[in-house]
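Chemist: dropping the sequence and predicted coords here.
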Amino acid sequence: MEEKKYQASDYKSDQYVRWCPGCGDHAILNVLHKAMAELGIAPENIAVISGIGCSSRLPYYMNTYGFHTIHGRAAAIATGFKVARPDMTVWQISGDGDGLAIGGNHFIHAVRRNVNLNMVLLNNRIYGLTKGQYSPTSERGFVSKSSPYGTTEDPFIPAELVFGARGTFFARSLDVELKTSQEVLVAAARHKGASVVEMLQNCVIFNHGIYSFVSDKELRADHTIHLRHGEKMLFGKDNEKGLVQDGFGLKAVVVGQDGYTIDDVLTHDAHSQSNFLHQQLAMMDGKSLPLAIGVIRDVDAPSYEEEVDKQTQKVSAAKPYSTLREMVLAGETWEVK
């Protein structure tokens, strides 16, 4: 029997997409449909699970199984679903508020356990659904409805949380980088274990232009670097710039100037077990050093649901019963007449 070839349209529901015109969520939804088609997994073998927020409406727009859960609990529910149904492909959709504030604890533990989830974090640095309060990723001094004089706290950087929880996969893209977004979503799905994809997304109503310093077309080449495993870390309009080691840190140089050659430019190793360089790359902010997009870390480790399944099978094999009834009747019993 010939294997069915899926199209992006096979993953689209018939629901009207209720996001603001110009919202970055539209682009992310579009590339997710395309990524699923590239992966070729049947819609009935996929579940999309979300929390609460603008981004968490996404399951309505998928022709798959879906669950619009409660605030901050997407990772917990997705974990339970994956353990119960390890055969299903599970996508978890969260925003920076839903995923890193009330849902922060569930997020880091799903990463720590290495549950085989595709976790997509849509980061617009604002609470959009509740009309413009600052979020856990808003920068210090950010003025919003809930911080009229500016925030007095430093933000979470999602990559730091992932590496702190010993994450095995981290990637990043911009909502305007459609090709890169599809590339990292496909890589996330092919990774066995918890994969986190941070999507930097524009909110046209409450935080418009927050990423313009890296997303604007005329600035993007000089302020972002697309990392690919096994390739030199080059960026710039003509790939004339590169990243080199500078003591324990990184430095951007122009190849051919100040004695630097292509041989000095670092080669990206996404599969290195050490996350030291991965974290340095992920922490680059697009200002003093280019913002890293693409797959930054992708390493192998046992996945949680597989280890649970192995343990269950091992314990069950050693027991003289396989059902609750058999267990109840396995010991001393008596009959009341």
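Modeler: Sure, I can see it. Numbering: from 1, shown residues only.
Chemist: how many neighbours does N105 have?
Modeler: Applying other C-beta atoms under 10 Å, we find 12 residues neighbouring N105. Where you see a C-beta, it was placed from the backbone N, CA and C, and this is true even at glycine.
Chemist: and it, what element?
Modeler: helix 104-113 (DSSP states H and E).
Chemist: only C-alpha atoms, please: export that helix in PDB.
Modeler: The C-alpha trace of helix 104-113 is given here as PDB (Å, rounded to 0.1, in the frame of the first residue of the first chain):
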ATOM      1  CA  GLY A 104       6.900  27.700  35.000                       C
ATOM      2  CA  ASN A 105       7.300  24.900  37.400                       C
ATOM      3  CA  HIS A 106       5.600  22.400  35.000                       C
ATOM      4  CA  PHE A 107       7.700  23.700  32.200                       C
ATOM      5  CA  ILE A 108      11.100  23.100  33.900                       C
ATOM      6  CA  HIS A 109      10.100  19.700  35.100                       C
ATOM      7  CA  ALA A 110       8.800  18.500  31.700                       C
ATOM      8  CA  VAL A 111      12.200  19.600  30.400                       C
ATOM      9  CA  ARG A 112      14.100  17.900  33.300                       C
ATOM     10  CA  ARG A 113      12.200  14.700  32.900                       C
END
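Chemist: and the end-to-end length of stretch 93-107?
Modeler: The straight-line separation of the ends of stretch 93-107 (C-alpha to C-alpha, to the nearest Å) is 11 Å.
Chemist: quick check: mean pLDDT of it?
Modeler: Mean pLDDT, stretch 93-107: 96.
Chemist: what's in contact with it?
Modeler: 48-56, 58-59, 71-76, 79, 119-128, 135-137, 156, 158, 161 (C-beta atoms under 8 Å, 6 or more residues apart in numbering).
Chemist: let's see which of the residues you listed end up in helices.
Modeler: 74-76, 79, 158, 161 (DSSP state H).
Chemist: out of those residues, which is most surrounded?
Modeler: Highest count within these by other C-beta under 10 Å belongs to A74, 32 neighbours.
Chemist: measure the closest residue to it other than its chain neighbours to L161 for me?
Modeler: Excluding its sequence neighbours, the residue lying closest to A74 (C-beta to C-beta, 6 or more residues apart in numbering) is G51, at 3.9 Å. Distance from G51 to L161, counting by C-beta to C-beta, to the nearest Å: 16 Å.
Chemist: try V299
Modeler: Taking C-beta to C-beta, one finds V299 at 17 Å from L161.
Chemist: just the buried ones from the contacts of stretch 93-107?
Modeler: Among those, those buried by neighbour count (16 or more other C-beta atoms under 10 Å) are 48-56, 58-59, 72-76, 79, 119-128, 135-137, 156, 158, 161.
Chemist: at which residues are the helices of this structure located?
Modeler: 24-39, 74-84, 96-97, 104-113, 158-164, 178-190, 212-215, 217-223, 276-283, 304-318, 324-328.
Chemist: report the central residue of the protein.
Modeler: Central residue of the chain (C-alpha atoms, centre = their mean): V197, 2.3 Å from the mean position.
Chemist: circling back: nearest to G259, out of the helices of the chain?
Modeler: Among the helices of the chain, helix 217-223 comes nearest to G259, with 21.7 Å by C-beta to C-beta.
Chemist: so I52 sits right up against P59, yeah?
Modeler: No. With contact defined as C-beta atoms under 8 Å, I52 does not reach P59; the gap is 11.8 Å.
Chemist: what sits in contact with each of the two?
Modeler: In contact with both I52 and P59: H68, using C-beta under 8 Å, 6+ apart.
Chemist: quick check: which of the helices of the chain is nearest to K251?
Modeler: Evaluated over the helices of the chain, closeness to K251 peaks at helix 276-283, with 11.1 Å, by C-beta to C-beta.
Chemist: okay, that closest one in CSV with CA atoms only?
Modeler: Extracted C-alpha coordinates of helix 276-283, given in CSV (Å, rounded to 0.1, in the frame of the first residue of the first chain):
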residue,chain,number,x,y,z
PHE,A,276,28.6,25.4,28.0
LEU,A,277,28.9,26.8,24.4
HIS,A,278,25.2,26.2,23.7
GLN,A,279,24.2,28.4,26.5
GLN,A,280,26.6,31.2,25.4
LEU,A,281,25.1,31.0,21.9
ALA,A,282,21.5,31.1,23.2
MET,A,283,22.3,34.1,25.5
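Chemist: which secondary element of the protein has the worst mean pLDDT?
Modeler: Among the helices and strands of the chain, helix 324-328 carries the lowest confidence by mean pLDDT, DSSP states H and E, at a mean of 85.
Chemist: what distance separates that helix from the middle of the whole chain?
Modeler: A distance of 42 Å separates the centroid of the chain from that of helix 324-328, by C-alpha atoms, centre = their mean, to the nearest Å.
Chemist: ok, residues contacting that helix?
Modeler: 319-321.
Chemist: also stretch 149-165?
Modeler: Under C-beta under 8 Å, 6+ apart, the answer for stretch 149-165 is 96, 100, 104, 107-109, 111-112, 121, 123, 125, 134, 136-144, 170, 172, 196, 198, 275, 278-279, 282-283, 296-297.
Chemist: cool, and stretch 230-246?
Modeler: 221-222, 224-227, 250-256, 260, 262, 264-269, 289-290.
Chemist: tally of neighbours for the closest residue to E139 other than its chain neighbours?
Modeler: Of all residues not flanking E139 in the chain, P155 sits nearest, at 5.8 Å (C-beta to C-beta, 6+ apart). Residues lying near P155 (other C-beta under 10 Å) number 17.
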